[in-house]
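Chemist: Structure here, sequence nowhere to be found:
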């Protein structure tokens, strides 16, 4: 497809964390994206390591403009931190995003995504096929997506664009 992730890789749902449910997850698996309900006074652990972190090669922030894009950002965190494993098709949307953002800060990557017309057009086309109505800008969104991956040091890393950086 136009996004450019190799057909050998999939994003799928995990229905539980017991051995039977995990047995259905295609292997190898390079990340898990988790959704949870946000609360007003949430304290969900470490704030992250900051923008100068060398924990992972790719991290991006989530801005107010990208407030409802946490699922996309979680997918990007999982994919872009495993491009040694996941081949991106040449001249694809994901390959262009990767090359254009390679030397950008986490904030600059978010700004780039805000204006990345090819990605926005592709997202709009796929979102229109969905079975759930997208929330309006006035609706309060209570769920949030974050990615968990293993880095090159085999550490479990939380990637949440609302935090200062990756968290071990």
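Modeler: Perfect, thanks for sending it. Since this is a predicted model, take the numbers as computed values, not measurements. Numbering: from 1, shown residues only.
Chemist: mind listing the strands for this protein?
Modeler: Taking DSSP state E as the test, the strands found in the chain are 31-37, 143-150, 156-159.
Chemist: Pull up the pairing partners for the first one, direction included.
Modeler: For strand 31-37, the paired strands and their directions (DSSP bridges) are strand 143-150 (antiparallel).
Chemist: residues in contact with the strand it pairs with?
Modeler: Strand 143-150 has contacts (C-beta atoms under 8 Å, 6 or more residues apart in numbering) with 30-38, 56, 70-71, 73-75, 77-78, 81-82, 156-160, 162. C-betas here are computed from N, CA, C, even on glycine.
Chemist: Let me know which of the strands of the chain is the nearest to residue 106.
Modeler: Closest approach to residue 106 among the strands of the chain (C-beta to C-beta): strand 156-159, 10.4 Å.
Chemist: Check which helices and strands the closest one sits against.
Modeler: helix 70-80, strand 143-150 (3 or more C-beta pairs under 8 Å, 6 or more residues apart in numbering; DSSP states H and E).
Chemist: which ones are touching residue 33?
Modeler: 11, 71, 74, 75, 78, 145, 146, 147, 148.
Chemist: Quick one, which of those are buried?
Modeler: In terms of neighbour count (16 or more other C-beta atoms under 10 Å), the buried residues within those are 71, 74, 75, 78, 145, 146, 147, 148.
Chemist: Now tabulate those in JSON lines and tack on pLDDT.
Modeler: Listed next are the buried ones among the contacts of residue 33 as JSON lines, based on pLDDT from 0 to 100:
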{"residue": "71", "pLDDT": "92"}
{"residue": "74", "pLDDT": "96"}
{"residue": "75", "pLDDT": "95"}
{"residue": "78", "pLDDT": "96"}
{"residue": "145", "pLDDT": "93"}
{"residue": "146", "pLDDT": "94"}
{"residue": "147", "pLDDT": "96"}
{"residue": "148", "pLDDT": "96"}
